[in-house]
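> mind folding the following:
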Amino acid sequence: MDADAAYGLWPLVIINTAVLTLFAVSFFHPRTGRDWRAMGAFTAFLLALFTEMYGIPLTVYLLSGWLGSRFPALTATHSGGHLWNDFIGWTGDPHLSPFHLASYVFIGGGFWLIAAAWRVLHDAARSDRLAAAGPYARVRHPQYDGFLLIMLGFLLQWPTIPTLVMFPILAFVYLRLARAEEREVAARFGDAWHTYAAATPAFLPSRRSWARPHARDAAPTRDEITRRRS
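Have a look, this model is predicted:
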């Protein structure tokens, strides 16, 4: 294999998967079985990603025979694994390409969103109330949004056939987990939940929710609605 290939590095596959998983756990603070299923889906995505990034470049091998004549940079080297760069003919440092720089924003924003949402949930859990402050004033499931942003960031940085296939499947998994969570929260908080849910989109912030005042500036009736993870 080419000296620049940087593949077959299985300790890096394990270390990177473990470090990112533990990092996510420290932000997400999983407690329930549902939380751990969300973490399991995220970990599976990371394992598939780092297996191709440092283990076996299956996607590059499959595409290079088919598209290699059109995209000379599509080779089994570590630089060649940045497929979006190969397709646009980027010849500079792959870590400074527009796709890679955008991936940092998505990944960093995803971790920030998970952590910010957890603080709201933690405060709400202490007072046994429904949370609508912070990120929860914009969407009902900001933590799941955070996981999806991180995965999108990695897809911008290092897309592979397995992770591109996995992403919509994992998005559906998070949708199912979110619906199960909502049924439990609705049963617990009743009218407060229905009022909150009617005004707040599930995953994508609307113009109305984004224009809404921040929780500390909101009307008293909105301040009284805080949400906690069941």
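> so where's the chain uncertain?
Along the chain, the model assigns pLDDT under 70 to residues 1-5, 66-69, 71-73, 209-230.
> just want the most central residue of it.
Phe147 (2.2 Å; C-alpha atoms, centre = their mean).
> tell me the contacts of the nearest residue in space to that one that is not next to it in sequence?
Setting aside the residues directly before and after it, Phe147 is nearest to Phe42 in space (C-beta to C-beta, 6 or more residues apart in numbering), at 5.3 Å. From N, CA and C alone the C-beta is placed, and that goes for glycine too. Residues near Phe42 by C-beta atoms under 8 Å, 6 or more residues apart in numbering: Thr21, Ala24, Phe147, Ile150, Met151, Leu170.
> please, which helix or strand holds the last one?
To tie it back to what came earlier, the one meant is Leu170. Using DSSP states H and E, Leu170 sits within helix 161-189.
> distance between that helix and the chain's centre?
12 Å (C-alpha atoms, centre = their mean, to the nearest Å).
> which parts of it are buried?
162-163, 166-167, 170-171, 173-174, 177-178, 181-182, 185-186, 189 (16 or more other C-beta atoms under 10 Å).
> please flag which of the contacts of Phe42 sit within helices.
Thr21, Ala24, Phe147, Ile150, Met151, Leu170 (DSSP state H).
> how far away is the fifth one from Phe23?
Met151 sits 14 Å away from Phe23 when distances are taken as C-beta to C-beta, to the nearest Å.
> show me which of those two is the more surrounded one.
A direct count of neighbours by other C-beta atoms under 10 Å for Met151 and Phe23 places Met151 higher, at 23 against 12.
> the more buried one touches Leu170, doesn't it?
Yes: counting by C-beta atoms under 8 Å, Met151 touches Leu170, with 6.9 Å between them.
> check which helix or strand Val120 maps to.
Using DSSP H and E, Val120 falls in helix 98-127.
> just list what that helix packs against, helices and strands only.
helix 10-28, helix 83-88, helix 142-157 (3 or more C-beta pairs under 8 Å, 6 or more residues apart in numbering; DSSP states H and E).
> if you count neighbours, what's buried in the first one?
What it means is helix 10-28. Of all the residues in helix 10-28, those buried under the rule 16+ other C-beta under 10 Å are Val13, Asn16, Thr17, Leu20, Thr21, Ala24, Phe27, Phe28.
> name the nearest residue to the fifth one, sequence neighbours excluded.
For Thr21, the nearest residue in space outside its immediate sequence neighbours is Thr43; the separation is 4.9 Å by C-beta to C-beta, 6+ apart.
> so what's the residue count around the one you found?
17.
> noted, bye for now.
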